[in-house]
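[1] Build me a structure from this.
(2 chains)
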Amino acid sequence: MAKDINLEKVVTPGQLVRKRFLRNKLAIVGVFILLGMFLFSFVGPVFSPYGEYTMFYFTAEGEEFSSEDTKGYDPAGSGVTIANKQFPSRTHLLGTDKDGRDIFTRLMYGGRISLTIGFVVVFFQITLGVTLGGIAGYFGGKVDNLIMRLVDVIYCLPTLPIMLIISSLLIAYSIPQTQKIYWLTLVMGLMGWASVARLVRGQILSLREQEFMVATEATGIHPIKRIVKHLVPNVMPQLIVVATMGMGSVILTEAAYSYLGIGVPFPFASWGNMVNVVSDTIILREYIFMWLPPGLCILVTVLGFNFVGDGLRDAFDPKMKR
Amino acid sequence: MWQYIVRRICIGVVVLMGVSMIIYGLIRTAPGDYVSTLTSSNPEVTQEMVDRLNELYGLNDSIPEGYAKWAAGVFRGDLGDSFIEQKPVAEVLSSKMWISFWMAFPAYILQILIAIPLGILSATKQYSKIDYAVTTIALMGMSLPSFFFAAILQRIFAQGLGWFPLSGMKTARMDYEGFALMLDMAKHLVLPVMVLTVLGIGGLMRYCRTNMLEVLNEDYIRTARAKGLSESKVVYKHAFRNTLIPIVTILGGMIPGLFSGSMITEGIFGIDGIGNTALTALRGGDIPYIMGSTLFMAALTLVGTLVSDVLYGVVDPRVRLK
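    All right, here's what the predicted structure looks like:
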């Protein structure tokens, strides 16, 4: 009987997913890692006494002052030395880097850049991938063929060489350092949508054959509405997983670019270009505090995204028990 | 089957043309070409000599003209001569690819030996402590930036303990021969192989786990259990063999990629493989070598997917390729 059903006991698919996700310990750890990293990078700088580019100096008498708070000293004065490669202390929790900047502060700003780039690039990739993959899957035929060949080409392009060439182009056309980040995100977005497009197209191809899509066609719903309202929501679970995992991989790629000197340009801090100093064997050996913390930040953040993404994938999978 | 392969190869050629056009276009738009890098530091070079060099290297042609010449050469099997190495590109590629291969192959074997048992283990004991531990390790491997992990290994095993050399392919001062030379080179390869193994293990392990879980949920596994087979027989005889289908296809698809080298790892450890030489070529504007190596990498990606698709048809008789 219909009235015997206890509506409070009915579990919606959304609740089921949430329940499965919350039961996954690793995913919860991931959520906390990410929250911590976000607070550290976006709220942390507010409490930091130093700025991203503040440089520290020693006077001849050994007193420390910074480029922001000169205490009446002149950085170019005689006997003044740059307070670089300082070991961790009360004033500099993780020491200073080879240009005399506070590493702990730069770590926060680096996180800001890495996370922001991650978000923007993934947003870009998903938008492009869903649009083109959706068009290819829905309309099929020649359009599909054309888009899929484009996907193949993008998929085969070796990303690092392209980035190196583009970075030399940017230098050749003397693009200012501040604008390079925009170019970086643009190119990373353009290079990364192919796998999203493949996924969306594959899903839409299989969904298109199902009865509810035939019903939307029979009731004469406009194609755009059919795609946006009936197809895309069905691809959403996979998209969310891809986006979460994608955040991690974008951060890793950006770090690799920065390591090669073609990513986020100096003097901006990014975790990748902070690890960059390991190419100097003396720093690698003697100044572990300079490269270990940013590397660990990358590792922990990407791990957080992977934990959450993995947990979401399990939670969305209706075949998974629990 | 043969028809399918031929069609895929034809599509592949079109895709490769797209890839090479994009790369050629990008390289030639960069003003910093090889000749100007070569001549800029030498004041005795006259304009005539520059012109002659440009003529020799085909840099006077417009971009479409230059591309047409290059592509015509490729169809005749001639990739041109490398500017830096002063040798035919094909020759350089075929000698360097074996270096990359011997770095990647041990890592590939190690990945198989470690990832498959662990993946199976964590699937059979889903949501146990072992599963969580294995998943965490796998995801950590996936989240490590290669250059950062390489730096840690170099710091511990090369600088700290002195067990392995920091970088390079063989000890420079020693003139080892025969077996001693092989041993020396093997010692130099330990750290890069470790990097490649750890970075690659995660993906493969997760793949094994997902597929094993899928198989374990099948009806025939329930049947096997219902008729009273021992758990080990169910897992290793019935489930594992069916899990092998997707695993073999992905492993087969990875083989061509073993020749393509990895720019960052090779660069850090000074291994003179495809990736490292491509990096030098990119920095020096060696157009024929950049074109040759990127084409080679893209072709390997295509061959990899083709191999895994064909293997799928071979291993699983239910799949028909058309």
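
[2] and for stretch A:211-219, what are the contacting residues?
    A:Leu207, A:Arg226, A:His230, A:Leu231 (Cβ atoms under 8 Å, 6 or more residues apart in numbering or on different chains). No exception for glycine: its C-beta is placed from N, CA and C like everyone else's.

[3] repeat for stretch A:145-159
    So stretch A:145-159 is contacted by A:132-133, A:135-136, A:190-191, A:193-195, A:197-198, A:201, A:253, B:11, B:14-16, B:18-19, B:22-23, B:294, B:297-298, B:301-302 (Cβ under 8 Å, 6+ apart).

[4] Quick one: mean pLDDT for the host helix or strand of B:Leu16?
    Using DSSP states H and E, B:Leu16 falls within helix B:2-29. For helix B:2-29, mean pLDDT rounds to 87.

[5] Pull out the buried residues from that helix.
    Using 16 or more other Cβ atoms under 10 Å in any protein chain shown as the test for burial, helix B:2-29 gives B:8, B:11-12, B:15-16, B:18-20, B:22-24, B:26-28.

[6] what subset of those residues is also close to chain A?
    Filtering the buried residues of helix B:2-29 for neighbours of chain A using Cβ under 8 Å from any Cβ of the partner chain leaves B:Ile11, B:Val15, B:Leu16, B:Gly18, B:Val19, B:Ile22, B:Ile23, B:Leu26, B:Ile27.

[7] Could I get the full set of helices for chain B?
    B:2-29, B:34-40, B:47-56, B:63-75, B:89-124, B:129-143, B:146-153, B:178-216, B:219-226, B:231-233, B:240-254, B:263-269, B:274-284, B:287-315 (DSSP state H).

[8] which bits of the stretch 151-300 of chain A sit near chain B?
    A:152-153, A:155-158, A:160-162, A:164-166, A:168-169, A:171-172, A:248, A:252, A:255-256, A:259-260, A:272, A:275, A:278, A:281, A:284-285, A:288, A:291-292, A:295, A:298-299.

[9] hmm, try it at 6 Å
    A:152-153, A:156-158, A:160-161, A:164-165, A:168-169, A:172, A:252, A:255-256, A:259, A:275, A:278, A:284-285, A:295, A:298-299 (Cβ under 6 Å from any Cβ of the partner chain).

[10] out of those residues, which are inside helices?
    A:152-153, A:156, A:160-161, A:164-165, A:168-169, A:172, A:252, A:255-256, A:259, A:275, A:284-285, A:295, A:298-299.

[11] sorry, back to before: turn the helices of chain B into a markdown table, columns for distance to A:Gln86.
    Formatted as a markdown table, the helices of chain B follow (distance: least, Cβ to Cβ, whole Å):
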| stretch | distance to A:Gln86 |
| --- | --- |
| helix B:2-29 | 42 |
| helix B:34-40 | 38 |
| helix B:47-56 | 49 |
| helix B:63-75 | 51 |
| helix B:89-124 | 38 |
| helix B:129-143 | 30 |
| helix B:146-153 | 21 |
| helix B:178-216 | 30 |
| helix B:219-226 | 61 |
| helix B:231-233 | 59 |
| helix B:240-254 | 46 |
| helix B:263-269 | 27 |
| helix B:274-284 | 33 |
| helix B:287-315 | 42 |
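
[12] Return the most buried member of the ones you listed.
    Mean neighbour count, computed with mean count of other Cβ atoms under 10 Å in any protein chain shown, is highest for helix B:263-269 among the helices of chain B, reaching a mean of 24.

[13] Against which helices or strands is that one packed?
    For helix B:263-269, the elements it packs on are helix B:146-153, helix B:178-216, helix B:274-284, judged by 3 or more Cβ pairs under 6 Å, 6 or more residues apart in numbering or on different chains; DSSP states H and E.

[14] can I get the CA coordinates of that helix in PDB?
    Taking Å, rounded to 0.1, in the frame of the first residue of the first chain, the C-alpha atoms of helix B:263-269 are listed here in PDB:
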ATOM      1  CA  MET B 263      62.200  14.500 -19.700                       C
ATOM      2  CA  ILE B 264      62.300  15.500 -16.000                       C
ATOM      3  CA  THR B 265      63.700  12.300 -14.500                       C
ATOM      4  CA  GLU B 266      66.300  12.000 -17.300                       C
ATOM      5  CA  GLY B 267      67.200  15.600 -16.900                       C
ATOM      6  CA  ILE B 268      67.700  15.400 -13.100                       C
ATOM      7  CA  PHE B 269      69.800  12.200 -13.300                       C
END
